[in-house]
Each structure stands twice: as C-alpha cells, then as structure tokens.
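Engineer: Give me the fold of what follows.
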Amino acid sequence: MAMSMYAASVPLFRQRVAALATVLEKGAAFAVERGIDPATLLESRLAPDMMPLTRQVQLTTDHAVGGSARLAGLPVPSFPDTETSFDELDTRLARCIAFLDTLTPEQIDGSEERPILLTLRHGRELRFTGQQYLIGFVIPNLLFHCTTAYDLLRHAGVPLGKRDFIGAI
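Structural biologist: Got it, this is the predicted structure:
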C-alpha cells in the first residue's frame, strides 16, 4: 500500500518542529546557565554566508506551514519574520504546530498531482506536482534548516544529542 501524502508530510513536519522547540529550549537554558547573551546564539552562523539560527528556525516553520497549506490547497498563513528572542521563536514554533494540528488527511491526500506554483524571492517561478513538491522541495528544505538550527546550538556547546533532534516518536 502506498503511503498517503498526509502521512508523508504533516506528522513529519510536526515531529521536526516539536523537536526543534525542545532543542531551542535547551539552547535558551544553556545561555542562562553559562551567562551567554542569548543574541550570541540566535545570531550564530556555521559560515559567514549562511543564515543565523533565528532565520533557520523561521525557514523551518515556513516550509512546514507553507508546504502543508499548498498541498491542502489552502492559503499560506502569514508568519512575519520578526522574532529576536528564544521566547518569540518558541511562540512561532507553537503557532506552526497549531496550524499543522488543524489539517486532516482528507485535505492533503490525493494532492500528488496537484499543481504547485512557487514564486521565489527574485520572481523565479518553480512548478511542481504535489508529490514532486513534497519529496523534492519541502522535505529537503525543512530538514536542512532544522538540522542547521540544531547544529548551530550543538556547535556552541549546548548539550544535545540525536534523541533531541529526533524528538518524540
């Protein structure tokens, strides 16, 4: 039996976002324990040309929310990128989970051939079927940004392990 589009998306997105919330909670606690300015962690980058931790979290939620909304044929909810603290990022992650929890299999299953048009920042348009979009764009991007956020905190010394990254199963 083939896996449904809902089963391949929303549960994965929810698990990743919830695990990221726990990772950020540990990062915030680490900053307090070590007397580190939280902005130091939030603005950290793995390389000068990479986006900072805050943006990695924002992009993780953008892919979870935007990806699932497009697959469901819904308007993409707006999540302005205004967070500057761990608490604000936690609120963003909670909003993302709350949105994901509104979605049902009936809204997403059957979207394999749904045309998806994505307009990038510089006006470039990408056209996908729903399945191409999910497997070739949303999942890799979400996992990249989520992993990078984890790696930034781990590199800073936050005591994290694979169980923190994976989250509740």
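
Engineer: Buried ones in the helix or strand hosting residue 29, by neighbour count?
Structural biologist: Here residue 29 sits within helix 5-34, counting by DSSP states H and E. Judged by neighbour count (16 or more other Cβ atoms under 10 Å), helix 5-34 contains these buried residues: 5-6, 8-10, 12-14, 16-24, 26-28, 30-31. C-beta here means a position set from N, CA and C on the backbone, and glycine is covered the same way.

Engineer: One more: stretch 73-91?
Structural biologist: In stretch 73-91, counting by 16+ other Cβ under 10 Å, buried: 79, 83, 86, 89-90.

Engineer: Just the closest of these to residue 139, please.
Structural biologist: residue 79 (19.0 Å; Cβ to Cβ).

Engineer: Quick one: low-confidence residue ranges for this structure.
Structural biologist: Regions of the chain meeting the criterion pLDDT under 70 cover residues 1.

Engineer: tell me which element the residue nearest in space to the middle of it is part of?
Structural biologist: Geometric centre of the chain, nearest residue: residue 60, 2.0 Å, by Cα atoms, centre = their mean. Using DSSP H and E, residue 60 sits within helix 53-72.

Engineer: counting contacts, what elements does that helix pack onto?
Structural biologist: When contacts are defined as 3 or more Cβ pairs under 8 Å, 6 or more residues apart in numbering; DSSP states H and E, helix 53-72 sits against helix 5-34, helix 38-42, helix 86-100, helix 105-108, strand 115-119, helix 130-133, helix 139-155.

Engineer: Adding distance to residue 69 as columns, could you present these in a markdown table?
Structural biologist: Below are the helices and strands packed on helix 53-72 laid out as a markdown table (distance: least, Cβ to Cβ, whole Å):
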| stretch | distance to residue 69 |
| --- | --- |
| helix 5-34 | 11 |
| helix 38-42 | 27 |
| helix 86-100 | 8 |
| helix 105-108 | 10 |
| strand 115-119 | 11 |
| helix 130-133 | 12 |
| helix 139-155 | 13 |
